[in-house]
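# When you get a sec, could you give me coordinates for this:
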Amino acid sequence: MVFHPPKWVPQMPLIPDSTSIFDFLLQEKYGRHKLSQSHRPFVCGISGRGYNVHEVSQRTTLIAKGLLKSLEWEVNSGTQWEKVVGVFAFNSIDTLPVAWAVQRLNGIVTPVNAMSTAEELTSQLRSAGAKALFTCASLLSTAIKAADIVGIPRRHIFLLEVATDQRNNGSCYFKTASRLAAEGQSLPPLQPMAWSPGQAKSQVAFLCYSSGTSGTPKGVLISHYNVISNIIQMHATERSIRKERLHSAHKTELDIGICVLPLSHIYALVAIAHTSLYRGDQCVIMPKYEINGFLQAIEMFRVSILYLVPPIILNLLQSPALVSKYDVSTISAVFTAAAPLGKEMALALEQAFPQWKIRQAYGLTESCVVVTNSVENDISPGSSGSLISGYEAKLLTPDGTEITTLDTPGELYLRSPSITSLGYFQNNQASKETFLADGWLRTGDEAMFRLSEQGKNEHLWITDRLKELIKVNGFQVAPSEIESHLLAHIAVADVCVIPVPDLRTGEAPKAYVVKAGYCRGIDDVSLGEILKLHVQEEKARYKWLKDIAFVDEIPKSGTGKILRNVVKEWEKGLRRHEGPRL
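Numbering: from 1, shown residues only. Alright, predicted model coming up:
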């Protein structure tokens, strides 16, 4: 049985397949909100500096011209893989103009999490074949270290101006986005992009790294067509509801949103920043989440919608005295995704802020983000909402039988024009396992469909994660990555990493370790601290181990595969015995 969006959701309009993201977003003929009636799309939540739509267009073009000269590229010469640019920085109002500038030169952007270590940054830049890198002053030393290793010359390192950064003696030697734009003013016009019909489907816009259904991070090939599709899908689904606001207390169909989530994550990149511009909304850009600055920006810009993840929601719930010092009365809705928001936390948020509509969504990097969301008049706490326009879904049992009833869990498969048809970068095996020949995406998530509490529509409920991933603050952590790193330590003979609950981050990694023979005499506490430090020295903070347990043996199948579920049962038994340790 194939599940579809609710009947009230309009059909997908025609998706342009021969235009770039940038041209699509800034031309009214593709259905965007009228330019003259749109908010300034990007505003810095600290300085108040921002751009209107015309300035975004102009700045993107000028940065592209400056880049063209600095990198000695030509718009229509060379392949897209000779024009890969990494972006490793905290959020800036120039993050999107820089990305579109690279794409205007027929290049590819590979966003990198700003929490990455030099080793992790090196790995992604090398994998992507990056030829240039944008960073910010506070991350410059890490960026230089990685760039030197992969062979990116210093003259190909550029700076995004982040509001919280201080320029230092080292950073003054690198061109900023503003300097590139200034140089672009005196340069000749850019050549038009010589695209063939349908090229938006094959032209890669973003190379985003995801752990997929298992294993270490893989590059997901996100095309211009994929991004455009999901923007249209989200807009089509919500258009009628937003228009109803004109006849309500809102008096406007536009929102002022705030983006504290990293623009390296596809949720913030596409669902927040790109879609806000298309809909005429304003996106208040914060470099990163810090509760005082976040609340100040909400009050200053009269923010109407929050885009959050559960750990930030928990932080707000735990800080009622601080929140009460600020005016948050303009907020009408909270949009949460990237990690499950439990029913208990959703109800607690509803009780604390009864005027906020708590809307949940579900998506993946491979689906070019949003698959389902809950709309304002049909919310069921704990659910991920209904399928958005243009999506199909089905559920399969472990033996491949298609589920035909509600309230019956199975592995979730999806089909949509936003799902990449290009697969994973240089990983045919993983692509074949995840992106099936008939257009279906195997998600690795166990889910079920159930009628909403209002009985109106079928909602998606994620019931388990079949894929071996840990979600920390909404970021993916592959157990195999940490296991490989621990196995490189002389004291580790074998290891299994599993997720454990964490009140602050949702989940956190815990390692079950078999000591190497000669280390068996070292006490568990001392060796545990040594191994934790081993991870902390090389991995981003969200990958750090919460705990380590030492065991005599890691359970494995006859073929040597780790029986991770057995270890998870050990952990459940330990927690039942010891009580909760969140």
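
# The longest helix along the chain packs against which elements?
If each helix of the chain is counted by residues according to DSSP state H, the longest one is helix 224-244. Here helix 224-244 touches helix 21-25, strand 204-210, helix 275-279, strand 369-373, going by 3 or more CB pairs under 8 Å, 6 or more residues apart in numbering; DSSP states H and E. Where you see a C-beta, it was placed from the backbone N, CA and C, and this is true even at glycine.

# from these, which stretch is densest packed?
strand 369-373 (a mean of 27; mean count of other CB atoms under 10 Å).

# how much space between Tyr115 and Gly521?
Slight slip there: residue 115 is Met, not Tyr. Counting by CB to CB, to the nearest Å, the separation of Met115 from Gly521 is 36 Å.

# Who has more neighbours out of those two?
When neighbours are counted by other CB atoms under 10 Å, Met115 and Gly521 differ, and Met115 comes out ahead with 18 against 8.

# Okay, strands next: where are they in the stretch 451-582 of the chain?
For the stretch 451-582 of the chain, the strands defined by DSSP state E, counting those that start in this stretch cover 458-465, 470-472, 475-477, 492-502, 506-515, 547-550.

# next one: the stretch 51-200 of the chain
For the stretch 51-200 of the chain, the strands defined by DSSP E, counting those that start in this stretch occupy 84-88, 108-112, 132-135, 157-159.

# need those strands in TSV with distance to Val284, mean pLDDT and mean neighbour count, can you?
Output for the strands of the stretch 51-200 of the chain, formatted as TSV (distance: least, CB to CB, whole Å; pLDDT from 0 to 100; neighbours: other CB atoms under 10 Å):
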stretch	distance to Val284	mean pLDDT	mean neighbour count
strand 84-88	20	99	26
strand 108-112	20	99	26
strand 132-135	21	99	26
strand 157-159	22	98	25
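
# Enumerate every residue touching Cys259.
91, 268, 272-273, 283-286, 307 (CB atoms under 8 Å, 6 or more residues apart in numbering).

# any chance of these in JSON lines, plus secondary structure and neighbour count?
Formatted as JSON lines, the contacts of Cys259 follow (DSSP: H, G, I helix; E, B strand; the rest coil; neighbours: other CB atoms under 10 Å):
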{"residue": "Asn91", "secondary structure": "coil", "neighbour count": "29"}
{"residue": "Ala268", "secondary structure": "helix", "neighbour count": "26"}
{"residue": "Ile272", "secondary structure": "helix", "neighbour count": "26"}
{"residue": "Ala273", "secondary structure": "helix", "neighbour count": "23"}
{"residue": "Cys283", "secondary structure": "strand", "neighbour count": "26"}
{"residue": "Val284", "secondary structure": "strand", "neighbour count": "26"}
{"residue": "Ile285", "secondary structure": "strand", "neighbour count": "31"}
{"residue": "Met286", "secondary structure": "coil", "neighbour count": "21"}
{"residue": "Tyr307", "secondary structure": "strand", "neighbour count": "25"}
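
# got a list of what Tyr30 touches?
By CB under 8 Å, 6+ apart, the residues touching Tyr30 are 16, 19, 24.

# please redo it, this time with the cut-off set to 7 Å
Contacts for Tyr30 (CB atoms under 7 Å, 6 or more residues apart in numbering) come out as 16, 24.

# Over to Pro381?
By CB under 7 Å, 6+ apart, Pro381 lies in contact with 343, 346-347, 358.

# Quick check: the gap between it and Val334.
Counting by CB to CB, the gap from Pro381 to Val334 is 12 Å.

# that older thread, whatever helix or strand comes next after the longest helix of the chain pairs with which strands, and in what direction?
From helix 224-244 onward toward the C-terminus, using DSSP states H and E, the following helix or strand is strand 256-259. Using DSSP bridges, the strands paired with strand 256-259 are strand 282-285 (parallel), strand 305-308 (parallel).

# and for Pro381 and Val334, which residues touch both?
Ile358.

# Go through the contacts of Cys259 and name the one nearest Val551.
The closest of the contacts of Cys259 to Val551 turns out to be Ala268 (CB to CB; 38.9 Å).

# is it true that that closest one touches Pro262?
Yes - counting by CB atoms under 7 Å, Pro262 is a contact partner of Ala268 at 6.0 Å.

# quick one: Gly363 is in a strand?
Yes - applying DSSP: H, G, I helix; E, B strand; the rest coil, one finds Gly363 inside a strand.

# Next, work out how far apart it and Ser386 are.
To Ser386, Gly363 is 13 Å away according to CB to CB.

# Comparing these two, which residue is more hemmed in?
Comparing Gly363 with Ser386 by other CB under 10 Å, the one with more neighbours is Ser386, at 27 against 24.

# And the more buried one, how close does it get to Ile15?
Distance from Ser386 to Ile15, counting by CB to CB: 21 Å.

# about what we covered before: which of the contacts of Pro381 sits closest to Gln536?
The nearest member of the contacts of Pro381 to Gln536, counting by CB to CB, is Ala346 at 33.0 Å.

# Phi, psi for that closest one please.
Note on Ala346: backbone dihedrals following degrees, to the nearest 10 are phi -60, psi -40.

# Isn't it up against Lys357?
No - Ala346 is beyond contact range of Lys357, at 11.1 Å (criterion: CB under 7 Å).

# The two: who's more crowded?
Ala346 (21 against 17).

# check contacts around the more buried one.
Residues in contact with Ala346 (CB under 7 Å, 6+ apart) are 358, 381-382.
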